[in-house]
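[1] Sharing a model prediction with you, sequence too.
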Amino acid sequence: MAGRPWWTANELLAFLVELVALACLFWWGFSLADHLAVRLPLGCAVLAAAIALWALFAAPRARFRPPLAGVLAVKALVLGGGASALYGVGHPTAAAALAVVVVVNTALAETFRRRPAPAS
């Protein structure tokens, strides 16, 4: 990571965006019902599905490694789903901001991954 501060900062941002997207997905699932006895399991189910999908196909140590297009599709589904979920709970401006951050962060991450680290 030494010598690559922008890469490090972008990777940290990626992790934070992932956490925010998961929180938004939980919030959306939680908001789907009126009774707490239903809300909590719904929120947890949406969260668990997103985590399982990410762990299987998009995490750095994913169980399955699809081609780049597959990884990007899973990232779009989970991270874009987080932005959509935020819109679904009534925060369109924040959802748009999250979507922009997701797109820019993912594009930068893929660009940084294709460039070799500078020689020390």
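    Structure received. Numbering: from 1, shown residues only.
[2] in this structure, which helix or strand is least confident?
    helix 92-114 (a mean of 91; mean pLDDT, DSSP states H and E).
[3] hey, which helix is longest across the chain?
    Criterion DSSP state H: the longest helix present in the chain is helix 5-30.
[4] And the next helix or strand past it?
    helix 36-57 (DSSP states H and E).
[5] That following helix vs helix 5-30, what angle?
    150 degrees (axes from the mean of the first three to the mean of the last three C-alpha atoms, to 10 degrees).
[6] And helix 36-57, what does it pack against?
    helix 5-30, helix 68-88 (3 or more C-beta pairs under 8 Å, 6 or more residues apart in numbering; DSSP states H and E). Any C-beta I mention is one placed from the backbone N, CA and C, and that applies to glycine too.
[7] Report the mean per-residue pLDDT for the longest one.
    This means helix 5-30. Across helix 5-30, pLDDT averages out at 94.
[8] Buried residues in it, which are they?
    7, 10-11, 14, 17-18, 20-22, 24-30 (16 or more other C-beta atoms under 10 Å).
[9] cool, and stretch 93-109?
    95, 98, 99, 101, 102, 105, 106, 108, 109.
[10] picking up where we left off before, CA atoms only for the least confident helix or strand of the chain, dumped as PDB, please.
    Extracted in PDB, the C-alpha atoms of helix 92-114 (Å, rounded to 0.1, in the frame of the first residue of the first chain):
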ATOM      1  CA  PRO A  92     -33.900  10.500  -3.300                       C
ATOM      2  CA  THR A  93     -31.100  13.100  -3.100                       C
ATOM      3  CA  ALA A  94     -29.000  10.800  -0.800                       C
ATOM      4  CA  ALA A  95     -29.700   7.900  -3.100                       C
ATOM      5  CA  ALA A  96     -28.500   9.800  -6.100                       C
ATOM      6  CA  ALA A  97     -25.300  10.900  -4.200                       C
ATOM      7  CA  LEU A  98     -24.700   7.300  -3.200                       C
ATOM      8  CA  ALA A  99     -25.200   6.100  -6.700                       C
ATOM      9  CA  VAL A 100     -22.600   8.600  -8.000                       C
ATOM     10  CA  VAL A 101     -20.100   7.600  -5.300                       C
ATOM     11  CA  VAL A 102     -20.600   4.000  -6.200                       C
ATOM     12  CA  VAL A 103     -20.000   4.500  -9.900                       C
ATOM     13  CA  VAL A 104     -16.900   6.700  -9.500                       C
ATOM     14  CA  ASN A 105     -15.400   4.500  -6.800                       C
ATOM     15  CA  THR A 106     -15.900   1.300  -8.800                       C
ATOM     16  CA  ALA A 107     -14.500   2.900 -11.900                       C
ATOM     17  CA  LEU A 108     -11.500   4.100 -10.000                       C
ATOM     18  CA  ALA A 109     -11.000   0.800  -8.300                       C
ATOM     19  CA  GLU A 110     -11.000  -1.100 -11.600                       C
ATOM     20  CA  THR A 111      -8.600   1.500 -13.100                       C
ATOM     21  CA  PHE A 112      -6.200   1.200 -10.200                       C
ATOM     22  CA  ARG A 113      -6.300  -2.600 -10.300                       C
ATOM     23  CA  ARG A 114      -5.200  -2.600 -14.000                       C
END
